[in-house]
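J.: Give me coordinates for this.
(2 chains)
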Protein chains: 2
Amino acid sequence: MKSAEDMIETGNSARTGDTRQRLTDMKLDALILTIPENVLFLSGFWPMIGASILVFPANGNPVCIIPGCYEEESRQELWEAVPEYYSYGLTSSPEPFAAVSRLLKKAAGGRQWKRIGIEGSLRSAAVSWNSAEFILPDKQYTGVLEEVFPCAELIDIVPHLSRWKARKNDWEIERIRRASEISCLGLDTFERLAVPGRTGVEIAAEVEKRIMIDGTGLDGAKRVRAYAQVATGPVETAIAYRPNEISTTRRIEEGDLVLLELGVTAEGYWADRTRVRTAGKPSEQQLDIFALVLEAQTAAIRAVGPGVPAGAIDDTARSVIAKEGYAGEFPHITGHGVGFSYHEPLPVLRPDSPDTLEKGMVHSVEPGIYIPSFGGMRLEDDILVTDNGYEILGPYKKELA
Amino acid sequence: MKSAEDMIETGNSARTGDTRQRLTDMKLDALILTIPENVLFLSGFWPMIGASILVFPANGNPVCIIPGCYEEESRQELWEAVPEYYSYGLTSSPEPFAAVSRLLKKAAGGRQWKRIGIEGSLRSAAVSWNSAEFILPDKQYTGVLEEVFPCAELIDIVPHLSRWKARKNDWEIERIRRASEISCLGLDTFERLAVPGRTGVEIAAEVEKRIMIDGTGLDGAKRVRAYAQVATGPVETAIAYRPNEISTTRRIEEGDLVLLELGVTAEGYWADRTRVRTAGKPSEQQLDIFALVLEAQTAAIRAVGPGVPAGAIDDTARSVIAKEGYAGEFPHITGHGVGFSYHEPLPVLRPDSPDTLEKGMVHSVEPGIYIPSFGGMRLEDDILVTDNGYEILGPYKKELA
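T.: Predicted coordinates:
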């Protein structure tokens, strides 16, 4: 990890250079982005709330329109974009969109843009730092864009953006790796606490606390937060493939399966992990199923490399599980992109996936088996596709007990 | 707090009855809502992610379209809406919008709706439970609505919805009060830990952990989460009026001010609190400023009642602070609505507010003073407007040390 000074000096010029070329190729005059993960992607600044707007032209300097109260943070983080600050959230602040409108005009600098890429079809977005709320790019926002650029076609750039974000460069990988390494702190706490007498909600809270306290400051990460879900016992773990679980106050009993699903962000870059443990001495069946899930995950990870169809990785994991007769008990995908958010749409590792793995992609590999009245198991790590194979980000041991 | 069984039996018929009447008055045939806080508002079910859709007609039973994996939770929570489940997030799941389209048609039951209220101008939304991501009602979503209801006018209902949500009924107040009471657990932990040697990030993590562990299960709350921000020392607390703070690894020194900003959700209902402490023995100036902030908050709270202009409450707090010469050091609003999210737009307590307080409104009262090189102080509680006055929700002591 470079020092803060180096980061600012070098920025991520590979990314901004690539993007300029893409805009030119697509005959786009500029991008205007406001979802925090996208502002981060092309400016280096991770907005605290969704009130910052990045104007990224094909030619000339990008401009980032930012609430004035975040001047210090944004000056430390922005690569090359020129910050423009506006008064926000104070009793003395004028209507914010009036300022935004003025600053958008200034950013365009009289250029008559004809084609502008915007976030037109966004379906899912990562939460911003510490935010119990989410600011959405609403009709008023797009109305301002239409008013400021009346001659421009506003083009939905989200499908392209998803593709650009899927292949991470070295600068980004360094930061995603840091998030994965920080996630290991939570895996460690999980291992210690997955014991009889504890509850899922206790373990989840302790995992989140550990990551926030011990992760903040690691390699310069200033904003670290975890979202943990802990299922315990046969009933809860048997449905632990759902998008969100409720960690409960049920007390763990001897021999229970305990499953941790963990999302971690460090400075806006994400990790996604899963571990499973037996509280106490595991049964023969638990050991067998665990060995099978581990075999499926290991085989799938080993198959990762550039040029490999994403569906083939899914097939590798699914075949291992199917050969023991558990095909129907592995109901979810084998993996998904991760990095700028907890779940990215590309690549998707599932049967019939249209995606091919490319160098720089980061994706989860997370096979699982869920059996009613027995329980569920899943193992998940984030895998980087390298020049000729793969790298497990933030390696961490996998043991049932 | 009633038992789970009573809640389901009685639901919140006052709310659904009111809403039906409003739809009739506005000549709206139905509402179609998908933001979690709005689905909760009119159905009793708090979606775990943003993939549930509530169809609430002016006549007939509401229908809630829900990912099938949340059948158990939704059956426990839904009042009168009929659940319709669709396969979501599994490798076997068809394209979700195909199912949504089919179920929307079924919900309309052949009725030719002409005017449908939708979330057309949403700017800010509360995060859903435990979610590191947010699902947004995007173009594909509105496209499905247009396709399913080709003859209907889709009308932006958000400004109305904000007004309806501003006045809480007894059912809702009971749940918002519970969130406020749970927030007191965090205030207690904050008081104990705001001492020399601790860091802001440590205190924030401990406050969140305490609320999650000890708040879950309180009065039947199953999903409890806190978002804490802790500023320490003169530099950090002097800017602690910003929408989001970064809790840091700076170690608290003897005599430092320590400020906690705290958002808490319990089952989708929210509390918003602030306390400030001196680590160790307070200085004369700290005691004086604290007394002034407390006087301003106390005077403002005592002025709360139905029929009172929201601007008058702001004026009460601001006048107390101004009389000692600190008008310029109180740069933010005195309060805002709270309950279905951490911040609601109505009422807003600021100079020139157009709002008048009404019975059932819940709003924060949170004056503050921020002085460069000295630091910042704020006190915040959530206040219910009652028949003839006010109630402080989750009362908790205010002491500087």
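J.: Show me the shaky parts of chain A.
T.: For chain A, applying pLDDT under 70 flags the ranges A:1-10, A:129-130.
J.: helix/strand/coil for the spatially most central residue of it?
T.: The residue lying closest to the centre of chain A (Cα atoms, centre = their mean) is A:Ser341, at 2.0 Å. Of the three states, A:Ser341 takes coil under DSSP: H, G, I helix; E, B strand; the rest coil.
J.: I'd say it and A:Asn38 touch.
T.: No - taking contact to mean Cβ atoms under 8 Å, the distance of 10.1 Å between A:Ser341 and A:Asn38 leaves them out of contact. Glycine gets a C-beta too; all of them are placed from N, C-alpha and C.
J.: any idea how far B:Phe330 is from A:Asp29?
T.: Distance check for A:Asp29 against B:Phe330: by Cβ to Cβ, to the nearest Å, it reads 44 Å.
J.: The two: which has the busier surroundings?
T.: Remark: of A:Asp29 and B:Phe330, B:Phe330 carries more neighbours, 24 against 21, as counted by other Cβ atoms under 10 Å in any protein chain shown.
J.: what sits against the more buried one?
T.: For B:Phe330, the contact set (Cβ atoms under 8 Å, 6 or more residues apart in numbering or on different chains) comprises B:317-318, B:321-322, B:367-370.
J.: hey, C-alpha coordinates of stretch A:245-265 in PDB?
T.: Output of stretch A:245-265 as PDB, limited to C-alpha atoms (Å, rounded to 0.1, in the frame of the first residue of the first chain):
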ATOM      1  CA  GLU A 245     -30.500 -13.500   6.700                       C
ATOM      2  CA  ILE A 246     -31.700 -12.400  10.200                       C
ATOM      3  CA  SER A 247     -29.100 -13.200  12.900                       C
ATOM      4  CA  THR A 248     -31.200 -14.300  15.900                       C
ATOM      5  CA  THR A 249     -31.000 -14.600  19.600                       C
ATOM      6  CA  ARG A 250     -31.100 -18.400  19.400                       C
ATOM      7  CA  ARG A 251     -28.400 -19.900  21.600                       C
ATOM      8  CA  ILE A 252     -26.000 -22.200  19.800                       C
ATOM      9  CA  GLU A 253     -26.100 -25.800  21.000                       C
ATOM     10  CA  GLU A 254     -23.300 -28.400  21.000                       C
ATOM     11  CA  GLY A 255     -22.900 -29.700  17.500                       C
ATOM     12  CA  ASP A 256     -24.700 -26.900  15.700                       C
ATOM     13  CA  LEU A 257     -23.600 -25.600  12.400                       C
ATOM     14  CA  VAL A 258     -22.800 -21.900  12.400                       C
ATOM     15  CA  LEU A 259     -22.500 -20.000   9.200                       C
ATOM     16  CA  LEU A 260     -21.100 -16.500   8.700                       C
ATOM     17  CA  GLU A 261     -21.900 -14.400   5.600                       C
ATOM     18  CA  LEU A 262     -19.700 -11.300   5.600                       C
ATOM     19  CA  GLY A 263     -19.500  -8.100   3.500                       C
ATOM     20  CA  VAL A 264     -16.700  -5.700   4.300                       C
ATOM     21  CA  THR A 265     -15.900  -2.300   2.800                       C
END
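J.: for stretch A:309-322, which positions count as buried?
T.: A:309-311, A:313-318, A:320-321 (16 or more other Cβ atoms under 10 Å in any protein chain shown).
J.: So which elements touch the helix or strand hosting A:Ile321?
T.: Using DSSP states H and E, A:Ile321 falls within helix A:310-323. In this structure, helix A:310-323 packs against helix A:284-302, strand A:335-337, strand A:344-349, strand A:362-365, with contacts taken as 3 or more Cβ pairs under 8 Å, 6 or more residues apart in numbering or on different chains; DSSP states H and E.
J.: Please identify which of the ones you listed is closest to B:Ala58.
T.: Closest to B:Ala58 of the helices and strands packed on helix A:310-323 is strand A:344-349 (Cβ to Cβ; 37.4 Å).
J.: partners of that closest one in the sheet?
T.: Looking at strand A:344-349 with DSSP bridges, its partner strands are strand A:335-337 (antiparallel).
J.: so the helix holding A:Ile321 versus strand A:344-349, what angle?
T.: For helix A:310-323 against strand A:344-349, the angle by axes from the mean of the first three to the mean of the last three Cα atoms, to 10 degrees is 50 degrees.
J.: How far does helix A:310-323 sit from its chain's centre?
T.: 24 Å (Cα atoms, centre = their mean, to the nearest Å).
J.: Could you tell me the angle between it and helix A:284-302?
T.: Using the same axes, to 10 degrees: helix A:310-323 against helix A:284-302 is 160 degrees.
J.: I'd like to know which residues of the stretch 201-350 of chain A are adjacent to chain B.
T.: Residues of the stretch 201-350 of chain A found near chain B (Cβ under 8 Å from any Cβ of the partner chain) are A:201-202, A:204-206, A:208-209, A:212-213, A:216-217, A:222-223, A:227, A:229, A:239, A:241-249, A:263, A:265, A:270, A:331-333, A:341-343, A:350.
J.: Now with 7 Å, please.
T.: A:201-202, A:205-206, A:208-209, A:212-213, A:216-217, A:222-223, A:227, A:229, A:239, A:242-244, A:246, A:249, A:263, A:331-333, A:341-343, A:350 (Cβ under 7 Å from any Cβ of the partner chain).
J.: I figured the residue nearest to the centre of chain A hits A:Trp270, correct?
T.: Yes - with contact defined as Cβ atoms under 7 Å, A:Ser341 and A:Trp270 form a contacting pair (5.8 Å).
J.: Find residues that contact each of the two.
T.: Counting by Cβ atoms under 7 Å, 6 or more residues apart in numbering or on different chains, the residues touching both A:Ser341 and A:Trp270 are A:Ala126.
J.: ok, back up a step: what residues does the residue nearest to the centre of chain A make contact with?
T.: A:37, A:126, A:270, B:133.
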